[in-house]
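Asker: Using only what follows, build the 3D model:
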Amino acid sequence: MNMKWNLQHSYSSLPNKLFSFQSPIPVKSPKLVLFNHELAQSIDLEVSDNELDKLSQVLGGNVLPENSKPLAQAYAGHQFGNFTILGDGRAILIGEQLTNSQKLFDIQLKGSGRTPYSRGGDGRATLKSMLREYLISEAMYHLGISSSRSLAVVASGETVQREWENDGAILTRVAKSHIRVGTFEFAYQYLSLEEQKELTVYVIKRHYPELEGSKNPALELLKKVMEKQAELISDWMRVGFIHGVMNTDNVSIAGETIDYGPCAFMNVYDPGTVFSSIDTAGRYAFGNQPKITHWNLSRLAIALLPQIDEDQDKAVKTAQETLNQFPDIYESKYLQLMRNKLGLIGEEPQDKALVEDLLNIMNQMKADYTNTFASLTSGEFSENELFENDRFQDWYLNWIQRATKNGQTLEAAQKTMALHNPIYIPRNHKVEEALFQATENNDYSIFHEMLKVMKTPYQFNENFTAYQFPALEGDNGYQTFCGT
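Answerer: Here you go, the predicted structure:
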């Protein structure tokens, strides 16, 4: 098979408690359903069309690439606040693809069968949930948000039992790495201090080489991950994305969005929005995402305490002082993104109030988050209760005054806004329609059209107007599910 893999296996150089060598479990009749040629090219994986059938054997887990050393990673996690020992229960890392530019990317098969960490699970994944991850992760990438990506979906030819019988599938996921906050929590519990330091040195070398040689590597790593998470979550808030299950095992040390389970996008602006069926208390509601990130980072800080200082009291004091900076770091990044959404130049004391006033009005009027900002960007206001509201009219005049400050024209402000306000997001009802047609009728036409729409989410296309609006009945009763 003339496929250009350049697989490395640096993760297996870490202490062996952090992983178990494990091959994927072969499936009955793997068939390639989706393949991301553009992503393959970007990681220098060359595949010709006449090899796609052979590729289904590899990405289905039946045939291993040459020189692969498949393994499942061990990690822990706080799931809805409760500490649990976990690990890759249905995923196998087949290696790290080294690109021509010397960048490493994990190549992981998700849904590839049982591992030592499956905890009674079947190790498999449904076609529907793998298609969802493919669609949403690619949408996030094209929205400009740091994310794992999807290289392929292979139908397994087998069924998977969840609430009912489903078609099975394997997703090939590409990420900077799959190292999580939960990886450090696991190391803190089960590895010696020297082994914990090995993990920190490895992560710094792989993801943050600028920190090499630091006087206090663990502390500097904590600061860097805080910054990356602040950037990521503020970007989620910018587009109305709700992850749905922000457990510490789903928090990437590299600052990518990973583990797309019950995720969805908010239509009507409401910070209390929850779609995940397992988040019954709203812990991971849209508006809670920043403070949950702060909490998750505190778990990372605890795991790093022995490395931060030999004196426990000093370590706690230093870590707490560092963590206390997160709200300000996040607010600064978030406020700048919201300034961009409103086309504001520079910083003014009233900017925060201007943003909050608009969001409060939108919440009160049950306005669509994406379309409100899109209307402000285009200057085209449909007949809408929001735009006719007196509070909005007053806000609008204040915004015009602020946006045209410092000699900026409104047109210039709107050019900035156009770069930060998507016209299209994966609307929940369209996602469900695409998944239903694909899995129930083997009709991928809507799915492929959605992928096409989401490749240019900031550019209006008159052929895609159906993707601009939420369902007529709204999101009442809409739920998303984990897939495990």
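
Asker: Retrieve the pLDDT associated with G483.
Answerer: Residue-level confidence at G483 comes out at 66, pLDDT.

Asker: what does A72 give?
Answerer: The predicted local distance difference test score for A72 is 98.

Asker: And for it, the neighbour number?
Answerer: 26 (other C-beta atoms under 10 Å). C-beta here means a position set from N, CA and C on the backbone, and glycine is covered the same way.

Asker: what bridges to it?
Answerer: S20 (DSSP bridges).

Asker: How is Q108 assigned, secondary-structure-wise?
Answerer: Secondary structure for Q108, judged by DSSP: H, G, I helix; E, B strand; the rest coil, is strand.

Asker: Now for it: which residues touch it?
Answerer: Residues in contact with Q108 (C-beta atoms under 8 Å, 6 or more residues apart in numbering) are A91, I92, L93, I94, T172, R173, V174, A175, H178.

Asker: Any stretches of the chain with poor pLDDT?
Answerer: Scanning the chain for pLDDT under 70 picks out the ranges 1-2, 483-484.

Asker: How is it divided into domains?
Answerer: Per the record, the chain has its domains at 7-175, 202-427+469-484, 428-467, by automatic domain parsing.

Asker: who's in contact with A438?
Answerer: For A438, the contact set (C-beta under 8 Å, 6+ apart) comprises L127, K128, L131, Y444, I446, F447.

Asker: in the chain, which spans are strands?
Answerer: For the chain, strands defined by DSSP state E occupy the ranges 7-8, 19-21, 31-35, 71-73, 76-79, 82-85, 91-98, 104-110, 125-126, 149-161, 165-175, 241-242, 264-265.

Asker: Of the contacts of Q108, select the buried ones using a ChimeraX command.
Answerer: The buried subset of these, as determined by 16 or more other C-beta atoms under 10 Å, is captured in ChimeraX by this line:
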select :91,92,93,94,172,173,174,175,178
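
Asker: Now flag whichever of the contacts of Q108 is closest to T257.
Answerer: Distances from T257 to these, taken as C-beta to C-beta, are shortest for A175 (9.7 Å).

Asker: just to revisit the earlier point, out of the domains of the chain, which comes closest to F184?
Answerer: Comparing the domains of the chain by their distance to F184 (C-beta to C-beta), the top pick is domain 202-427+469-484, with 4.1 Å.

Asker: if we can go back for a sec, would you format the domains of the chain as TSV with distance to L193 included?
Answerer: Below are those laid out as TSV (distance: least, C-beta to C-beta, whole Å):
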stretch	distance to L193
domain 7-175	12
domain 202-427+469-484	5
domain 428-467	45
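
Asker: Those: which one's closest to T183?
Answerer: domain 7-175 (4.4 Å).

Asker: Of all the domains of the chain, which one is nearest E194?
Answerer: Closest approach to E194 among these is made by domain 7-175 (9.0 Å; C-beta to C-beta).

Asker: Any idea how far that closest one is from the middle of the chain?
Answerer: Taking the mean C-alpha point of domain 7-175 and that of its whole chain, the gap between them comes to 15 Å (C-alpha atoms, centre = their mean, to the nearest Å).

Asker: K128 touches Q437, doesn't it?
Answerer: No: between K128 and Q437 there is no contact, the gap being 11.1 Å when judged by C-beta atoms under 8 Å.

Asker: Next, give phi and psi for the spatially closest residue to Q79 that is not a sequence neighbour.
Answerer: Leaving aside its chain neighbours, Q79 sits nearest to N247 (4.5 Å; criterion: C-beta to C-beta, 6 or more residues apart in numbering). The phi and psi values for N247, taken as degrees, to the nearest 10, are phi -70, psi 160.

Asker: N247: neighbour count?
Answerer: Using other C-beta under 10 Å, N247 has 25 neighbouring residues.
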